[in-house]
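In: Kindly return the folded structure for what I paste below:
(4 chains, ligands or ions: 2)
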Amino acid sequence: MQINATRKGQRIKAMLAGELDHHSAQYVREVLDSLIADPQIRELVLDMSNVEFMDSSGLGVILGRYRTLSARGGRLLLAGVPAPIDRIFRISGIYALVERA
Amino acid sequence: MQINATRKGQRIKAMLAGELDHHSAQYVREVLDSLIADPQIRELVLDMSNVEFMDSSGLGVILGRYRTLSARGGRLLLAGVPAPIDRIFRISGIYALVERA
Amino acid sequence: MFKNQMHLQFSSLSQNEAFARSVAGAFFSQLNPTLEQLTDVRTAVSEAVTNAIIHGYRNREGLVTLEGYINGSSAKFIIRDYGIGIEDVALARQPFYTSHPELERSGMGFTVMETFMDEVEVESSPGKGTAVTLEKTLRREAQ
Amino acid sequence: MFKNQMHLQFSSLSQNEAFARSVAGAFFSQLNPTLEQLTDVRTAVSEAVTNAIIHGYRNREGLVTLEGYINGSSAKFIIRDYGIGIEDVALARQPFYTSHPELERSGMGFTVMETFMDEVEVESSPGKGTAVTLEKTLRREAQ
Ligand SMILES: Nc1ncnc2c1ncn2[C@@H]1O[C@H](COP(=O)(O)OP(=O)(O)O)[C@@H](O)[C@H]1O
Ligand SMILES: Nc1ncnc2c1ncn2[C@@H]1O[C@H](COP(=O)(O)OP(=O)(O)O)[C@@H](O)[C@H]1O
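Out: Residues are numbered from 1 along each chain as shown, chains lettered A, B, ... in the order given. Ligands and ions are numbered 1, 2, ... in the order given. Predicted structure coming up:
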């Protein structure tokens, strides 16, 4: 997995690239947590357009960051979700919690 | 494997695409033999630029067609050979028999 | 009718999650599936293999097996571990149930398998291990 | 030091030549090889598996095994069949030697394996089968 991020004020946009599974989840978790460590950050946009594979391990990673942000009144948004990953998001009901950018 | 061919007079140019191994060799052999079945054909150019994989089974296929053509005074030429396949051609000494187009 | 089979055994390392789904995908490709069907299989196998590694063996060393069978236009995969097993399979299969929320597991692994495959069967004995059978049949228009 | 292993068994069908080299390639990829090193391994494994299918089993049904071992920056593959075996291994390994010129075999399979891998070992007993061991170590700059 590769993660490139840009910050604009209270907003971080992170572009994920590669395969998001249990093996890569630990790394993605650590990088995203460091990106949103500053409590000023209110919004995390995950751009998924270059994620080539994701299974349910990815749900756990996204929900974990959602919890951190919503505890401080912030939010998480998903952008560029490829069709196969969108199917996993839909069956999990995650769109009730995180918005599509 | 996919094979697309064009004829100009006594010359056939065949564009091979895909993986040339023992499994696909039988098919390639049949198609090439039907392309050069007309004894007027004196030259077969094999364009290898879209061959994604080849092992020594491909050598047998090429040498077999070379024999048919040289028996009638014709020749076989190889074009667009990708680097990994070129290595196999070089160790086999095939360039002593067939030319690069 | 085209028949084929394969049997793979590998170490319970998380690196092998990607390896195992590549193998399943390469085997299943012999049926000329659509890209969506291929992703279904890769994803379901990834779920079952991940479960074997993290739940079955709790990240200890062990061997995971992946069997593949092609029979006409149907493919069957069996993922086995010889780890801790599952006490209550019906509970484990429920959406959102996970024994490891602290690892940020979503509890959606079995639900993903069920959504993406035609059949999912789970056989498990506590202390002995788990076998998950995944089946998918390609309808004619897909070939 | 990273260690990993896998053990694959599959039917001696020519469709499985592409499958087997995909599996070897996916496993070897864990060492982050260059594209050239990856092609070397895919090609050498393809040669040994093809030989098992056409020479070992003469296109009859049988099982081929492909084992893979990663040990630090080295990879080892063993391809086994339980078919006819080789009477004279030294002869078989000679460039251009083939027992099946009528099948348009080039006799270059072993030579390709030797060129593309660091070590090639052949163990065979007539009537019992053949095991080909292929090894490749990545030099440091490649990682
Ligand atoms: N191979 C296995 N060995 C032992 N327990 C398992 C295995 N597979 C699944 N389980 C149990 O079933 C539960 C639900 O699995 P799953 O739906 O994949 O969700 P998750 O992996 O996110 O926990 C797991 O939390 C675990 O308790
Ligand atoms: N697995 C095997 N079982 C039996 N014989 C084999 C096996 N592998 C190789 N051979 C013998 O060694 C010969 C040389 O093999 P190789 O160099 O790969 O060339 P080719 O496959 O083109 O004949 C074969 O023709 C065959 O007689």
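In: drop to CA atoms for contacts and neighbour counts, all remaining ones
Out: Noted.
In: can you point me to the longest strand in chain A?
Out: strand A:43-54 (DSSP state E).
In: Okay, now the sheet partners of that strand, with direction.
Out: Applying DSSP bridges, strand A:43-54 is found paired with strand A:11-20 (parallel), strand A:75-79 (parallel).
In: need the next SSE after the first one, C-terminal direction.
Out: Put plainly, it is strand A:11-20. Using DSSP states H and E, the helix or strand that follows strand A:11-20 in sequence is helix A:22-35.
In: For residue 84, grab the count of nearby residues.
Out: I'll assume chain A. A:Pro84 has 17 neighbouring residues, counting by other C-alpha atoms under 10 Å in any protein chain shown.
In: that's the wrong chain, I meant chain C
Out: Neighbourhood size, C:Ile84 [other C-alpha under 10 Å]: 18.
In: Tell me how far the longest helix along chain A lies from the chain's centre.
Out: Longest helix of chain A, by residue count under DSSP state H: helix A:56-71. Distance of helix A:56-71 from its chain centroid, counting by C-alpha atoms, centre = their mean, to the nearest Å, is 7 Å.
In: buried sites along it?
Out: A:56-66, A:68-69 (16 or more other C-alpha atoms under 10 Å in any protein chain shown).
In: For that helix, give the mean pLDDT please.
Out: Here helix A:56-71 scores 97 as its mean pLDDT.
In: helices or strands up against that helix?
Out: Here helix A:56-71 touches helix A:22-35, strand A:75-79, going by 3 or more C-alpha pairs under 8 Å, 6 or more residues apart in numbering or on different chains; DSSP states H and E.
In: Alpha carbons of that helix, as CSV, please.
Out: The C-alpha trace of helix A:56-71 is given here as CSV (Å, rounded to 0.1, in the frame of the first residue of the first chain):
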residue,chain,number,x,y,z
SER,A,56,-13.5,-6.8,5.0
SER,A,57,-10.2,-6.0,6.7
GLY,A,58,-10.5,-2.6,5.0
LEU,A,59,-13.8,-2.0,6.7
GLY,A,60,-12.3,-2.3,10.1
VAL,A,61,-9.6,0.2,9.2
ILE,A,62,-12.1,2.7,7.9
LEU,A,63,-14.5,2.3,10.8
GLY,A,64,-11.7,2.7,13.3
ARG,A,65,-10.7,6.1,11.8
TYR,A,66,-14.3,7.1,11.6
ARG,A,67,-14.7,6.5,15.3
THR,A,68,-11.7,8.7,16.2
LEU,A,69,-13.0,11.5,14.1
SER,A,70,-16.6,11.4,15.1
ALA,A,71,-15.6,11.4,18.8
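In: quick one: C:Glu17 and C:Ala48 touch, right?
Out: No - between C:Glu17 and C:Ala48 there is no contact under C-alpha atoms under 8 Å: 9.3 Å.
In: So which of those two has more stuff around it?
Out: For the pair C:Glu17 and C:Ala48, the greater number of neighbours falls to C:Ala48 (26 against 22), based on other C-alpha under 10 Å.
In: Contact partners for the more buried one?
Out: C:79, C:109-110, C:113, C:132 (C-alpha atoms under 8 Å, 6 or more residues apart in numbering or on different chains).
In: Three-state assignment for it, please.
Out: Put simply, C:Ala48 is helix when judged by DSSP: H, G, I helix; E, B strand; the rest coil.
In: Just the mean pLDDT for stretch C:87-98, thanks.
Out: In the prediction, stretch C:87-98 has an average pLDDT of 97.
In: sorry, that was for stretch C:120-137
Out: Stretch C:120-137 comes out at a mean pLDDT of 98.
In: any residue of that stretch up close to ligand 1?
Out: Yes - with C-alpha under 6 Å from any ligand atom as the criterion, ligand 1 is reached by stretch C:120-137 at C:Thr130.
In: same thing with stretch A:40-57?
Out: No - shown here: stretch A:40-57 not in contact with ligand 1 (C-alpha under 6 Å from any ligand atom), separated by at least 6.8 Å.
In: What of stretch A:85-94?
Out: No - under the criterion of C-alpha under 6 Å from any ligand atom, ligand 1 is not reached by stretch A:85-94; the shortest gap measures 11.4 Å.
In: List of residues touching that stretch?
Out: Residues outside stretch A:85-94 that contact it (C-alpha under 8 Å, 6+ apart) are A:53-56, A:59, A:63, A:95, C:108, C:112.
In: I'd like to check which residues are in contact with C:Phe110.
Out: With C-alpha under 8 Å, 6+ apart, C:Phe110 has these contacts: C:47-48, C:92-95.
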